[in-house]
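Asks: give me the fold of what follows.
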Amino acid sequence: MEGLNPLARQAWKRLEAEFPLWAAYLDTRDSELEFAVPAPSGSNAGHLVAFSNKNDLWVRFSPPYMCYAVDDEDEMVSIIKQLTADEAVFKVITKGDEWVETTLTRPHDRWESIPGLSVRLVSWSGRFDR
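Replies: Now for the predicted structure:
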């Protein structure tokens with residue numbers, strides 16, 4: 001942990017305190033943090049990954065485009081808790097093979113279809129995938 005940049009070190013401490021059973025999934029690369037927890041069986045999420053990149057913190061799932069920037073380690077922990085409780089899901093909008101937007105949404109939120117765009121939802125458990 002000594003080689004981590006200050007933001008990564010702060011996030012490491014917070015993740016380790018909030019998720020002690022997942023401490024084995026905390027890792028470092030160069031001066032950055034990576035926390036990659038395997039998704040439950042039956043899930044399409046792959047892994048839940050929290051990581052630092054210079055002065056930014058991110059949370060993502062393994063599939064393409066499922067990455068969300070967070071403001072600080074408090075928001076990182078909050079997002080992880082919401083995702084793993086299936087209170088939030090990743091929503092990715094594409095136009096053909098081209099990425100348009102990624103956001104988090106509630107599993108039962110409704111939205112209007114836009115012609116020519118595809119929407120994909122991926123939940124931690126897989127129960128709310130569409």
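
Asks: contacts for stretch 95-102, please.
Replies: Contact with stretch 95-102 is made by 64-68, 90-94, 116-118, as judged by Cβ atoms under 8 Å, 6 or more residues apart in numbering. The way it works is simple: take the backbone N, C-alpha and C, and place the C-beta from them, glycine included.

Asks: for those residues, work out which two are farthest apart.
Replies: Greatest spacing in the contacts of stretch 95-102, by Cβ to Cβ: Tyr68 and Gly116 (24.1 Å).

Asks: quick one, which of these two is more surrounded?
Replies: When Tyr68 and Gly116 are compared for neighbours, Tyr68 comes out ahead with 18 against 8, by other Cβ atoms under 10 Å.

Asks: kindly provide the distance from the residue located most distally from the centre of the chain to Arg29.
Replies: Each residue of the chain has a distance to the centre, and by Cα atoms, centre = their mean the biggest one is for Pro115: 27.6 Å. In this view, Pro115 and Arg29 are 42 Å apart by Cβ to Cβ, to the nearest Å.

Asks: mind listing the helices for this structure?
Replies: 6-18, 73-84 (DSSP state H).

Asks: by contact count, what packs against the first one?
Replies: Read it as helix 6-18. strand 26-29, strand 32-38, strand 47-53, helix 73-84 (3 or more Cβ pairs under 8 Å, 6 or more residues apart in numbering; DSSP states H and E).

Asks: now the last one, how far from the chain's geometric center?
Replies: The offset between the C-alpha centroid of helix 73-84 and the centroid of the whole chain comes to 8 Å, using Cα atoms, centre = their mean, to the nearest Å.

Asks: sorry, back to before: what about the residue farthest from the centre of the chain, distance to Ile93?
Replies: Taking Cβ to Cβ, one finds Pro115 at 13 Å from Ile93.

Asks: other SSEs contacting the lowest-mean-pLDDT helix or strand in the chain?
Replies: The weakest-scoring helix or strand in the chain, judged by mean pLDDT, DSSP states H and E, is strand 26-29 (a mean of 82). The contact analysis (3+ Cβ pairs under 8 Å, 6+ apart) places strand 26-29 against helix 6-18, strand 32-38.
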